[in-house]
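Visitor: After the sequence you'll find the predicted model.
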Amino acid sequence: MRNTYLVCYDICDDQRLRQVFKTMRDFGDHLQYSIFECQFTPADLARCRAALADIINHAEDQVLFVDLGPSEGRGDRVITSLGVPYTSIDSPCRVL
């Protein structure tokens with residue numbers, strides 16, 4: 001069974017920050033700055049944690065895994081915001 005997780009990170013070094021971002025793209029959907037939404041099985045979660053553990057400085061950086069519960073039966077994802085409106089990253093990009 002898959003659970004939905006928010007993975008949020010605060011990385012103190014720019015090089016490690018880029019590595020964490022690139023790693024997280026393989027695991028989930030980028031929502032905002034340092035926040036990803038991921039659908040993890042227990043094995044997927046373990047792989048993600050292991051990959052990030054190899055990158056971060058455990059004395060300076062922080063990665064949070066917020067378990068939102070089972071992915072199935074949750075209905076559509078609903079995201080609301082205060083301030084600047086939420087824009088899905090699935091929206092088309094325009095290059096001028």
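Guide: Happy to help now that I have it.
Visitor: So Cys12 versus Gln62, what's the distance?
Guide: Distance, Cys12 to Gln62, using CB to CB, to the nearest Å: 9 Å. Quick note: C-beta positions are derived from backbone N, CA and C, even for glycine.
Visitor: How about Arg47?
Guide: Remark: distance between Arg47 and Gln62 (CB to CB) = 20 Å.
Visitor: So those two - more neighbours on which side?
Guide: Arg47 (14 against 11; other CB atoms under 10 Å).
Visitor: now the strand or helix carrying that one: mean pLDDT?
Guide: Using DSSP states H and E, Arg47 sits in helix 42-53. The pLDDT scores in helix 42-53 average 95.
Visitor: show me where this protein has helices.
Guide: Using DSSP state H, the helices of the chain run over 14-25, 42-53.
Visitor: quick one: buried residues of the last one?
Guide: Pointing back at helix 42-53 there. Asp44, Leu45, Cys48, Leu52 (16 or more other CB atoms under 10 Å).
Visitor: which outside residues touch stretch 27-44?
Guide: Counting contacts by CB atoms under 8 Å, 6 or more residues apart in numbering, the residues outside stretch 27-44 that touch it are 1-11, 17, 21, 24, 48, 71, 77, 79, 89.
Visitor: for stretch 18-25, same thing?
Guide: In contact with stretch 18-25 (CB under 8 Å, 6+ apart) are residues 7, 9, 11, 30, 34, 36, 38, 48, 51-52, 55-56, 61, 63.
Visitor: can we see that at 7 Å?
Guide: Val7, Tyr9, Ile11, Phe36, Ala51, Leu52, Ile55, Ile56 (CB atoms under 7 Å, 6 or more residues apart in numbering).
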